[in-house]
Structure formats: structure tokens, C-alpha cells
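Engineer: pasted the sequence and its predicted model underneath.
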Amino acid sequence: MSTLRHSISILFLVFVSTLAFAQPISFSGTVIDGHTKEPVSFASVYFARSGIGKTTDSAGQFSFYISNFKDDTLKVSFIGFEIYAIPITHLQNNQNLNIQLARGTAKGEVVIKAKWNRGLFLWKKIMSKKKQYNRYDLANFSYEAYNKLEIDIKNFNADKAKKNFILKNFSFIFDNMDSTSESAPFLPAYLIETLSDYAYQKNPKKFYENIKASQTKGFNNESFAKLLGVMNQNVSIYSNFVNVMDKDFISPFNDNADAYYIFTVPDTQVVNGGKQYHFVFKPKRAGQNTFEGDAWVTEKTYQVRRISMYLGKEANINFIDRISVFQEYLPLNDSVIFLNRDKFFADFRVLGKNSLTLIGRKTTSYKGIVINSDSLTTAFKEQKIEELVKTEKSVVKNSDSQWVNLRHDTLSKNERAIYETIDKLMAMPRFQKLQTNLKFLAGGYRNIGKFEIGPWFNWYSFDTIQGSRFRFDLGTNKKLFKDVYLHGYLAYGLRDKRFKGQAEAYWIVQRAPKRIRLHASYQNDIDNGISQLGEVSQDNIFSVAIRKPNNRRKFINVKDIRFDASSDLGKGFSTELFVSRRQYTPLSPNLPPLSNFKVTGGEPLTNFEVALKLRFAYLERFIETDYNRYSIGTKYPVVEFTFSKGLKGVFNSAYNYTRYSLLIKDMMKISPYGTLYYRVYGGKVNGTLPFTNLENHPGNDLYYYNPFAFNLMNRFEYLSDQYAGISMEHNIGSGLFRFIPLTRKLKFRQFYTVKTLWGSLSKANDDLNTYAIFPYPKVGFKTLNNKSYIEVGTGIDNIFKVFRLDFVWRLAPSASYAGTASKFGVFGSFQVQF
């Protein structure tokens with residue numbers, strides 16, 4: 001009997017344990033790309049132990065019901081992503097899982113080589129339809145676009161930040177930390193929205209955009225809103241190159257993409273009753289500017305319906321940890337597809353792996369799409385230039401309630417939190433003070449009430465004439481005058497015991513549609529090399545450490561009174577009129593003394609000049625601040641012509657002369673071979689004149705590389721009264737460095753430079769500017785006498801992402817003509833670039 005009871009007990013325990021370890025379970029989930037947050041369609045979802053599995057649907061969703069389930073590990077795999085694994089127990093019953101896949105290669109992923117390359121075959125089929133599906137091959141099109149840019153902060157230790165003596169006063173911002181949307185928590189920080197009407201015409205090629213609304217917190221600027229419009233953000237996968245951070249990357253649908261990519265078709269699926277191919281691409285060689293990713297392509301019509309592109313890990317781009325581009329296309333009719341949604345994500349990381357990371361998320365949606373319209377053709381007939389970007393007068397004046405109706409979708413929880421956080425921050429006096437101090441440290445200027453001081457880095461400098469030099473600048477800001485800027489500085493040298501300074505005023509008469517500006521200035525100071533050709537002036541605390549040793553610097557005092565007016569004329573043309581009186585006084589024994597220049601009437605080394613400059617820069621773009629605007633370039637060459645006339649007898653001027661100069665410059669993208677920058681220039685001066693009115697070819701007294709000067713030439717070394725030159729710099733990108741694993745990892749970049757100059761000086765001007773320095777024999781300025789001056793260089797760019805090293809050789813003139821001038825030099829410079 002006891003044996004029977006014992007057997008029943010064992011059977012009962014077995015039954016109970018079976019119930020405990022094999023119970024029914026039901027759960028569902030969604031698989032998404034961890035970077036773009038887009039669903040991963042047709043991913044494999046399976047249990048490691050039991051082998052039970054299925055694929056996600058076109059929305060990335062899956063569900064399981066298992067009647068006899070034991071604890072197991074759920075795995076998710078998809079080509080181009082790392083395998084995701086999560087333990088599943090009965091605790092997950094009735095739960096909905098959010099699974100985020102990370103880009104990478106699954107361990108053990110096998111590439112099967114076949115005699116027939118399905119991927120290459122499909123790519124050729126897609127390319128045969130490229131012209132048909134590329135929207136820029138349509139006769140014309142238009143749409144309304146809604147752009148949204150969000151910036152978040154990742155790798156942000158909130159606990160440490162709350163204890164930081166600077167950030168502890170703003171602890172409320174950590175209430176918005178998001179710990180669910182990413183694998184690591186992030187802090188939403190910035191959001192800007194724009195709504196615009198956009199139109200395009202193929203022949204003749206024209207673009208039009210009207211920015212109807214723009215909203216941001218903390219920085220409302222019309223020119224910045226223009227840059228975030230569609231015109232400057234378009235990505236076309238059917239183009240040969242895709243521009244990312246102003247660098248061209250080879251598109252997988254480039255005409256020669258098969259030379260740069262490996263194509264595969266690992267899968268086909270049926271979506272909405274139609275078959276779609278899973279088209280996968282990855283770089284053939286590391287270190288090239290290419291993408292990896294995948295697309296879903298329709299059968300027979302070969303339309304790309306969705307595409308995800310990611311920069312390869314070894315792509316030569318700075319401060320970017322990840323970049324993702326996602327696009328979704330929908331058919332407008334049987335033969336035309338058009339962009340429906342567009343996403344661009346980038347992770348910016350300046351320092352190490354665990355340093356602060358900025359996540360930029362830009363999304364664009366499109367509505368009201370019109371193609372091949374006669375009304376668009378009629379409208380474009382009225383547009384006289386290739387590109388036209390307009391902004392509504394009320395572009396930044398829409399209320400929050402109006403934006404609810406303007407948006408194509410609703411703001412997420414994070415995006416709403418950004419608006420609340422920024423509003424609160426901007427109203428806090430402590431944050432305003434912190435913002436002011438950071439701007440002063442980085443930019444050099446600080447606002448104090450209605451005035452500004454700075455830049456701080458000009459407060460101290462040193463040279464052999466002035467000794468220690470102290471300088472203080474004071475200017476006004478928009479709180480005093482909206483369209484008038486007053487500025488002046490006072491400087492004093494402890495060795496020469498002289499005050500120097502400047503007073504100037506700007507008046508912006510008109511900002512739009514054509515900018516008109518007036519400027520008047522009086523300056524009495526030593527020429528410190530501050531000119532249009534100089535990157536680093538010598539009136540600067542940093543220049544003390546980078547001057548060339550044993551270089552006889554040449555100092556000259558300039559007393560300058562000038563008035564100039566500039567105006568935009570439209571269609572890329574602008575003009576500037578200058579009226580100036582300049583009086584020079586040589587201060588250095590290395591320059592001819594004032595007594596060397598005898599004049600009849602007027603004062604020596606004094607001239608009165610009227611000049612007119614005409615400039616053509618078609619479709620040039622600008623960033624505009626309170627009083628200034630800064631060019632960010634144009635895709636066309638820039639042409640400048642200047643005519644100057646010196647008038648003797650006006651305000652004691654001693655010289656009659658005419659001067660002509662012409663400059664043509666351009667920066668061309670020659671993808672995939674990098675960028676080419678060139679300057680072609682020339683000029684002529686008529687008259688017998690002192691060196692101050694002739695062409696002093698730009699030299700460099702510093703070890704800081706100057707791209708606009710001859711770096712092995714000193715200032716005031718060569719004179720010409722007629723001259724011509726060509727300068728060129730070719731930035732190749734990775735170049736030869738991509739073949740060496742270490743330099744490829746360090747992302748070194750290759751370049752070369754060529755600078756040539758031809759010049760001559762008439763005998764009258766040569767004789768006038770020859771002088772004696774006692775007790776040495778007769779000396780003077782150098783002239784090329786129709787000989788060539790040639791410098792060539794190469795080096796390493798992107799050292800530690802910010803430093804550039806130039807090795808420069810002087811090939812001509814020969815040593816027998818140029819004397820002891822250096823034939824070789826090493827120069828450094830800093831630049832921040834992607």
C-alpha cells in the first residue's frame with residue numbers, strides 16, 4: 001500500500017513539474033532598426049532551443065502562441081544586423097516586445113558564391129529603370145514638405161551632471177531623459193521645424209522654394225531656416241553621388257556602382273500581393289566613401305519601394321559615429337513612384353567612445369505631390385534665375401496652436417518635452433549667464449547691455465617695434481541700434497609708447513530683397529597683416545608662438561580714412577564703391593625710409609583712391625547675423641573685377657595711377673576624386689609709384705599655413721606692377737592612405753597644392769623702390785622680371801581630426817636668382833571639418 005502511495009506521489013510531482021515548465025504562452029513584438037526606428041520587415045524570429053520560428057511581417061511585427069512552452073531564448077536575425085537574443089519566460093506572457101537591432105555582421109554569417117550573380121543582375125535591372133524613376137528626370141514636380149530636425153544628447157550621466165557645479169542649477173532638464181526609445185538613455189535638447197512649398201523643372205533647370213513657416217527654440221534666424229529647407233537637404237538615391245555633411249558618397253545606384261559595391265539578393269517576399277526582392281549592398285573595399293544597406297525592389301517593374309543606407313565603419317568622415325538614410329517611395333501611377341518619407345540620422349561624437357554624443361534626427365514628409373504640370377511650366381517662366389528661395393514675412397511668427405494644423409504629423413513625447421525645456425531654460429537668468437560665458441570663450445565677444453567687448457584674443461600681442469601691445473575693442477549691439485553698428489578699438493605699445501586705434505560705423509540701409517550697406521572708418525595703426533589674404537593676423541596672442549625665427553619683419557604704420565558702399569544688384573551681381581585716403585610711415589629699417597621718396601606736391605607715401613569692385617557669384621548662399629553675413633559658397637565660379645584710380649592733389653595725395661585686377665575662383669567637387677579649389681588672378685598698375693601702391697605679393701611670416709599666400713615668401717619681399725598667377729589645391733580624401741590599415745583607421749587625408757606667379761616691375765618703379773641700409777650696399781625689393789615663382793606642397797590632413805601638416809617646396813626661381821630664400825618649409829594649421 002505504501003509502495004502504491006509512493007508511486008502516486010511521484011506521478012503527481014511529475015505532473016506538477018510539467019505544468020510548471022510547459023505552459024501555454026502568448027506574446028507579440030515589433031522589430032525595428034535601432035538607428036532609424038523603421039520596422040525591419042521579414043526578419044527571422046526563432047527560439048534557440050525548440051527551433052520554433054517565423055518572420056516578421058512588412059510592418060516588422062510578429063506574434064507567438066505556444067501551447068506547450070518551456071523557458072527558451074528568442075533570437076532575431078536579419079542580414080546586415082547583429083543577432084539579437086532575449087530570454088523568454090512565462091513572465092513575458094501577454095507582453096509586447098520592442099526589439100531594436102544594431103547594424104553589424106552576425107557571427108557565422110556565410111557568403112555563398114554562385115556562378116550566376118543574382119544581385120548584379122537585379123542591380124542592372126534597377127539601373128535600366130533609373131531614368132524613369134528618378135524624380136529629377138520628370139519634366140517638373142512640386143509638393144509641400146515638412147522638415148523636422150531633433151537633436152538629442154546621448155551618453156549623458158545624469159547623476160554626475162546633477163552634482164556638477166554648473167549644471168546642478170538646471171536639474172529639471174533631466175526629467176526629460178528618455179530611457180525607452182534607445183538602447184541607452186538620451187536627453188532631448190533641440191528641435192526645429194520648417195514647412196515649405198518646393199518645385200522643380202528639368203529643362204531649363206530651375207528650383208523654387210518658399211519657406212512658409214519655421215519654428216525653433218532659442219535661435220530664430222531666417223537664413224538658418226533657409227538652410228534647413230528642402231533645397232539644401234535633398235537626397236536622391238538615383239543620383240550618382242549622395243551628399244552627406246558636404247562630402248560626396250558613391251550611391252549604390254551610381255552608373256559605375258558595380259566597381260565599388262557587392263550586390264546580393266538573399267530573399268524574396270510577397271507584399272500586398274506582389275513579389276519584392278530583398279536587394280543588399282556593401283562596399284567592395286574598405287576606406288572608400290560608400291554605403292552599406294538594403295532595399296526592397298518590386299518584381300518586373302524594379303521600383304525601389306524602401307531603402308536604408310548606412311555609412312561604412314571605415315568611411316573617411318570625422319566626428320560621426322553612425323549615419324543612416326531611410327527613404328520610402330509610393331506609386332503615383334503605374335509608371336511613376338515618388339518619395340513619401342525621408343529620414344536622415346547621424347550620431348556626432350567629438351571625443352572618445354563613451355563621450356557625449358549628439359544624435360541628429362531629420363525627418364521629411366511630402367504632401368500635395370504634382371508632376372508634369374503645365375501650370376508649373378507657366379510659373380517657372382516668370383522665374384529668371386536657376387534657384388529661388390523665399391521666406392514668408394511671418395516665417396517664425398506662427399503660434400503653437402497654428403503649428404498643430406501646419407504639421408504633417410503630431411509631435412512625439414520627446415519633441416513636446418524639448419519645447420517645454422528650452423522655454424524654461426531660456427527664461428532662467430543663470431542659464432543666460434552660462435550661455436553668455438560660453439559664447440565669449442568660443443567666439444571672443446561678450447555683450448554687456450547695449451555694447452559688446454572683444455575679441456579677447458586680440459587683447460595682447462608682442463613684436464619688436466611695440467613690445468608688449470595691449471588692445472581693447474568696444475562695439476554696439478542690436479539693443480542700441482538694429483541696423484547701425486559702431487565699433488572702435490584702442491591699442492598701446494609699451495616699447496614705442498604710442499596709442500593706435502580705429503573708429504568705424506556700419507549702416508545696413510536695406511537687408512532685403514537686395515542688401516545695401518554703408519561703411520565709414522578711420523584707422524591709425526601698424527599694419528599687422530590683416531587683409532583679405534590672411535588667415536591669422538599678427539595682432540594676436542597666438543601668433544607670438546608661430547612666427548618664423550630669424551625673419552626680419554617689416555613694420556609700417558597706416559593712417560587710413562575710408563568710405564565704402566556695397567549693394568546687391570540681383571542675379572548674383574554685386575558692387576562695392578571705395579573712397580579712401582591712406583598715409584604710410586615705414587617704421588622698420590628693413591623698409592625704405594620716408595625720405596627716400598621725393599615728391600612734387602602732396603605728401604610722400606600718401607594717396608587718395610577711388611575704387612569700384614564688381615562681383616559675380618551666382619546662387620551664392622549666406623548665413624546672416626545681426627550686422628554681417630558670411631558666404632557659405634556657391635557651386636559656380638566667382639568672378640571679381642576691381643578698377644582703382646589714384647588722384648594726385650586730393651587731400652595731399654602725391655600720386656596719379658590706375659590699377660586693374662581680375663580674380664576667378666571656384667571649389668569644384670570632382671567625385672569620387674575629392675574636391676579641387678583654384679584661383680586664377682592677374683593685374684596691372686600704371687604709374688611710377690612707391691611700394692605701398694604696387695602689388696606686394698602675399699608672403700607669410702608665420703609657421704601657420706596660409707592657403708592664400710606664398711608660404712616660403714616673406715611679406716614685402718616681391719613687388720610687381722603687372723602680374724598673373726594660378727593657385728590650386730586638390731583634396732583627394734583617403735587617397736593612398738586607405739591602402740594602409742593604420743592610416744585608414746586614423747582617417748588621414750591626402751592633398752597637394754600648386755601655386756604659381758608671374759610678375760615684372762618697370763625700371764622706373766624698380767629704381768624708386770631701391771634703397772640703402774647703412775653700412776650695407778644698395779638693396780631693394782625683389783622682382784620676378786618675368787620669371788616664375790612656383791611653390792608645390794603636399795602633406796597629411798585630418799591628423800587627430802583637426803590638424804593639417806604641409807610640406808612646401810619652392811621650385812622657382814632658382815637659388816642663384818632668389819638668394820638665400822628657403823627652398824623647403826613645414827607648416828601647420830587647424831581646421832574643423834567632417
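Structural biologist: Yep, that arrived.

Engineer: tell me where the stretch 451-600 of the chain has strands.
Structural biologist: 451-453, 460-463, 467-476, 484-493, 499-510, 516-526, 556-570, 573-586 (DSSP state E, counting those that start in this stretch).

Engineer: cool, and the stretch 601-750 of the chain?
Structural biologist: Counting by DSSP E, counting those that start in this stretch, the stretch 601-750 of the chain has strands at residues 606-617, 621-624, 629-633, 638-646, 657-669, 675-686, 695-696, 719-720, 722-733, 749-760.

Engineer: the residue lying closest to Val832 once chain neighbours are set aside: neighbour count?
Structural biologist: What sits nearest to Val832 in space, not counting adjacent residues and going by CB to CB, 6 or more residues apart in numbering, is Val802, at 5.9 Å. Any C-beta I mention is one placed from the backbone N, CA and C, and that applies to glycine too. Around Val802 there are 14 other residues, counting by other CB atoms under 10 Å.

Engineer: surely Val802 touches Gln831?
Structural biologist: Yes - applying CB atoms under 8 Å as the test, Val802 and Gln831 come out as touching, 6.8 Å apart.

Engineer: any low-confidence regions in the stretch 301-450 of the chain?
Structural biologist: Scanning the stretch 301-450 of the chain for pLDDT under 70 picks out 312-313, 350-356, 395-396, 414-415, 418, 425-426.

Engineer: ranges for the helices of it?
Structural biologist: Counting by DSSP state H, counting those that start in this stretch, the stretch 301-450 of the chain has helices at residues 374-381, 400-406, 413-426, 429-443.

Engineer: reformat the ones you listed as JSON lines; add mean neighbour count.
Structural biologist: Output for those, formatted as JSON lines (neighbours: other CB atoms under 10 Å):
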{"stretch": "helix 374-381", "mean neighbour count": "13"}
{"stretch": "helix 400-406", "mean neighbour count": "11"}
{"stretch": "helix 413-426", "mean neighbour count": "16"}
{"stretch": "helix 429-443", "mean neighbour count": "12"}
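
Engineer: Throw those into JSON lines and include distance to Gly501, thanks.
Structural biologist: Putting those into JSON lines (distance: least, CB to CB, whole Å) gives the following:
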{"stretch": "helix 374-381", "distance to Gly501": "53"}
{"stretch": "helix 400-406", "distance to Gly501": "49"}
{"stretch": "helix 413-426", "distance to Gly501": "37"}
{"stretch": "helix 429-443", "distance to Gly501": "22"}
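
Engineer: of those, which is nearest Thr606?
Structural biologist: The closest of those to Thr606 is helix 429-443. By CB to CB, the value is 37.1 Å.

Engineer: that closest one packs against which elements?
Structural biologist: With contacts taken as 3 or more CB pairs under 8 Å, 6 or more residues apart in numbering; DSSP states H and E, helix 429-443 sits against strand 446-448.

Engineer: off-centre distance for the strand it packs on?
Structural biologist: Computed by CA atoms, centre = their mean, to the nearest Å, the chain-centroid distance of strand 446-448 equals 28 Å.

Engineer: what of stretch 384-391?
Structural biologist: With CA atoms, centre = their mean, you get 22 Å for stretch 384-391.

Engineer: equivalent analysis for stretch 652-663, please.
Structural biologist: Relative to its chain's centre, stretch 652-663 lies at 39 Å (CA atoms, centre = their mean).

Engineer: just give me the neighbour total for Arg738.
Structural biologist: Neighbour number of Arg738 under other CB under 10 Å is 21.

Engineer: check the gap between it and Lys247 for me.
Structural biologist: 14 Å (CB to CB, to the nearest Å).

Engineer: swap in Gln23?
Structural biologist: With CB to CB as the criterion, Gln23 and Lys247 are 56 Å apart.

Engineer: ok, Tyr261 next?
Structural biologist: For Tyr261, the distance to Lys247 - CB to CB - is 18 Å.

Engineer: more neighbours: these two, which one.
Structural biologist: Comparing Tyr261 with Lys247 by other CB under 10 Å, the one with more neighbours is Tyr261, at 25 against 21.

Engineer: contacts only, for the nearest residue to that one once chain neighbours are set aside.
Structural biologist: With sequence-adjacent residues excluded and distances taken as CB to CB, 6+ apart, Tyr261 is closest to Phe281, at 4.7 Å. Phe281 is in contact with 119, 123, 252, 257, 261-264, 291-295, counting by CB atoms under 8 Å, 6 or more residues apart in numbering.

Engineer: which of those residues fall in helices?
Structural biologist: Using DSSP state H, the members of the contacts of Phe281 that fall within helices are 119, 123.

Engineer: out of the contacts of Phe281, flag the one nearest to Tyr492.
Structural biologist: Taking CB to CB as the measure, Tyr492 lies nearest Phe291 of the contacts of Phe281, at 58.0 Å.

Engineer: poorly predicted segments of the stretch 51-200 of the chain, please.
Structural biologist: 91-92, 105-116, 154-189.

Engineer: relative to the whole chain's centre, how far out is stretch 601-609?
Structural biologist: 45 Å.

Engineer: so which bits of it are buried?
Structural biologist: Within stretch 601-609, the residues that count as buried by 16 or more other CB atoms under 10 Å are 602, 604-609.

Engineer: got a list of contacts for it?
Structural biologist: Outside stretch 601-609, the residues touching it (CB under 8 Å, 6+ apart) are 578-586, 594, 597-598, 644-655, 657, 690, 692-693.

Engineer: redo that, cut-off 6 Å
Structural biologist: 580-584, 594, 597, 644, 646-647, 650-655, 690, 692-693 (CB atoms under 6 Å, 6 or more residues apart in numbering).

Engineer: tell me the mean pLDDT for it?
Structural biologist: For stretch 601-609, mean pLDDT is 91.

Engineer: likewise for stretch 697-705?
Structural biologist: For stretch 697-705, mean pLDDT is 86.

Engineer: mind saving the C-alpha coords of it as PDB?
Structural biologist: Extracted in PDB, the C-alpha atoms of stretch 697-705 (Å, rounded to 0.1, in the frame of the first residue of the first chain):
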ATOM      1  CA  HIS A 697      52.700  89.600 -53.300                       C
ATOM      2  CA  PRO A 698      51.400  87.900 -50.200                       C
ATOM      3  CA  GLY A 699      54.000  86.200 -48.100                       C
ATOM      4  CA  ASN A 700      53.900  84.500 -44.800                       C
ATOM      5  CA  ASP A 701      55.900  85.400 -41.700                       C
ATOM      6  CA  LEU A 702      54.400  82.600 -39.600                       C
ATOM      7  CA  TYR A 703      54.600  78.900 -39.500                       C
ATOM      8  CA  TYR A 704      50.800  78.700 -39.700                       C
ATOM      9  CA  TYR A 705      49.900  77.700 -43.200                       C
END
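
Engineer: look at the residue lying closest to Lys282 once chain neighbours are set aside and report its pLDDT.
Structural biologist: Computed as CB to CB, 6+ apart, the closest residue to Lys282 that is not its neighbour in sequence is Glu292, at 4.2 Å. We note a pLDDT of 88 for Glu292 in this prediction.

Engineer: how far away is Glu292 from Phe263?
Structural biologist: Distance, Glu292 to Phe263, using CB to CB: 11 Å.

Engineer: likewise for Lys202?
Structural biologist: Lys202 is 29 Å from Phe263, by CB to CB.

Engineer: who has more neighbours, the two?
Structural biologist: More neighbours surround Phe263 than the other of Lys202 and Phe263, with 20 against 14 (other CB under 10 Å).

Engineer: can you tell me who the more buried one pairs with across the strands?
Structural biologist: Under DSSP bridges, the beta-bridge partners of Phe263 are Phe281.

Engineer: that one and Phe121 touch, don't they?
Structural biologist: No - between Phe263 and Phe121 there is no contact under CB atoms under 6 Å: 8.7 Å.

Engineer: and for those two, which residues touch both?
Structural biologist: What both Phe263 and Phe121 touch, as defined by CB under 6 Å, 6+ apart, is an empty set.

Engineer: name the SS class of Ile126, please.
Structural biologist: Classification of Ile126 by DSSP: H, G, I helix; E, B strand; the rest coil places it in helix.

Engineer: can you give me the neighbour number for it?
Structural biologist: Count around Ile126 with other CB under 10 Å applied: 22.

Engineer: nearest residue to it other than its sequence neighbours?
Structural biologist: Tyr302 (5.1 Å).
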